[in-house]
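Visitor: Okay, predicted coordinates and the sequence, questions at the end:
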Amino acid sequence: MKRADLDLIVALTRGRAGLKVDPEKIYLIESRLAPLARREDFGSIPEMLTALRERKEDRLAWALVEAMTLNETSFFRDREVFDYLASEVIPALARRRAAAGGASLRIWSAGCATGQEPYSLAMALDGRRGELGGVKVELYGSDLSERCMEKAQSGMYTQFEVQRGLPIRALVDHFEKQEEMWQLSPRIRQMVRWRRINLLADLTPLGQFDVILCRNVCAGLEDAARAKVLDSLSQRLAPDGVLVLGASETAGDGAFLPMAGLNGLYQPNPAARAAA
């Protein structure tokens, strides 16, 4: 690809989604955009980019940005996170909400790709309803990619996908074989609501959440975009809520304080909220 093509890719992905794309990693760029070019009936990536310049088609521009996002995920990725959330964090929040007269907990898995993360949490909580004191858990999943959201909503996964991290007991209890695919049970699918969300957009209309998972998402963003996303998430989190990042990620300076118990868990910093 020519430098002008690479510059266009970097400008689109950075401007629309804050993605960090290294123009020197041409193989990575080509591996992500080649399937899109074929799907859109172009003979090559440069041909697709030429058409994009000429047509200025918003749909194709967003398809390119979505293709450049990292959609790496799996069921129960870092299993201890789900165990800790389901056995400690969420029951404790539920008890506090019940004591205050609240009837529900809102949990959002942001940037969840094809949905394995919120579905894993749904399965983990399915057997612990008695520990929630009658408080209803509302689970939400979102991603920038429309195609990922369509797959997540279908609850349909390949043999390879269910083999990655999914315990055999969960497969037996919650999935049904559909020819060469596996589909989640309607009960688990109905526990999660889906929506395409750009984390750089105004998140205010989403309301407040008790737990937000945004694991291994910010690592793929430019520094300015990462700071903006973390600030937006801090405003969407309840004062005693919990933010869950990847184990090696940090929540920046000021807005959050690390929690004891597990790497990657944070709570809002009361001093920062008071100053705001």
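Guide: Yes, it's here.

Visitor: Tell me where the model's unsure across this structure.
Guide: Across the chain, the ranges flagged by pLDDT under 70 are 273-276.

Visitor: one more time with 50
Guide: Within the chain, not a single segment meets pLDDT under 50.

Visitor: what about the strands in this structure?
Guide: If DSSP state E is used as the criterion, the strands of the chain fall at 104-109, 136-143, 156-158, 175-178, 181-184, 192-196, 209-213, 237-244, 256-258, 265-268.

Visitor: R59 is nearest to which of those strands?
Guide: Judged by Cβ to Cβ, the one of those that comes nearest to R59 is strand 192-196, at 13.2 Å. C-beta here means a position set from N, CA and C on the backbone, and glycine is covered the same way.

Visitor: Relative to the closest one, what are the paired strands and their orientations?
Guide: According to DSSP bridges, strand 192-196 forms sheet pairs with strand 136-143 (parallel).

Visitor: before we move on, the earlier item: dump the strands of the chain to CSV, plus mean neighbour count and distance to E72.
Guide: Shown next, in CSV, are the strands of the chain (neighbours: other Cβ atoms under 10 Å; distance: least, Cβ to Cβ, whole Å):
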stretch, mean neighbour count, distance to E72
strand 104-109, 22, 14
strand 136-143, 21, 12
strand 156-158, 17, 15
strand 175-178, 13, 21
strand 181-184, 19, 19
strand 192-196, 16, 19
strand 209-213, 24, 15
strand 237-244, 20, 17
strand 256-258, 16, 24
strand 265-268, 21, 21
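
Visitor: Including distance to A51, could the ones you listed go into JSON lines?
Guide: Converted to JSON lines, those look like this (distance: least, Cβ to Cβ, whole Å):
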{"stretch": "strand 104-109", "distance to A51": "35"}
{"stretch": "strand 136-143", "distance to A51": "26"}
{"stretch": "strand 156-158", "distance to A51": "31"}
{"stretch": "strand 175-178", "distance to A51": "37"}
{"stretch": "strand 181-184", "distance to A51": "33"}
{"stretch": "strand 192-196", "distance to A51": "24"}
{"stretch": "strand 209-213", "distance to A51": "37"}
{"stretch": "strand 237-244", "distance to A51": "40"}
{"stretch": "strand 256-258", "distance to A51": "43"}
{"stretch": "strand 265-268", "distance to A51": "43"}
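
Visitor: quick one, what contacts W108?
Guide: W108 is in contact with Y140, G141, S142, L206, F209, V211, I212, L213, R236, counting by Cβ atoms under 8 Å, 6 or more residues apart in numbering.

Visitor: from these, which is closest to R96?
Guide: Distance ranking of the contacts of W108 against R96, using Cβ to Cβ, places V211 first at 12.4 Å.

Visitor: Which one, of the strands of the chain, ends up nearest to A227?
Guide: strand 256-258 (12.3 Å).

Visitor: who's in contact with the closest one?
Guide: If you take Cβ under 8 Å, 6+ apart as the criterion, strand 256-258 is touched by L230, S234, L243, A251, L265, Y266, Q267, P268, N269.
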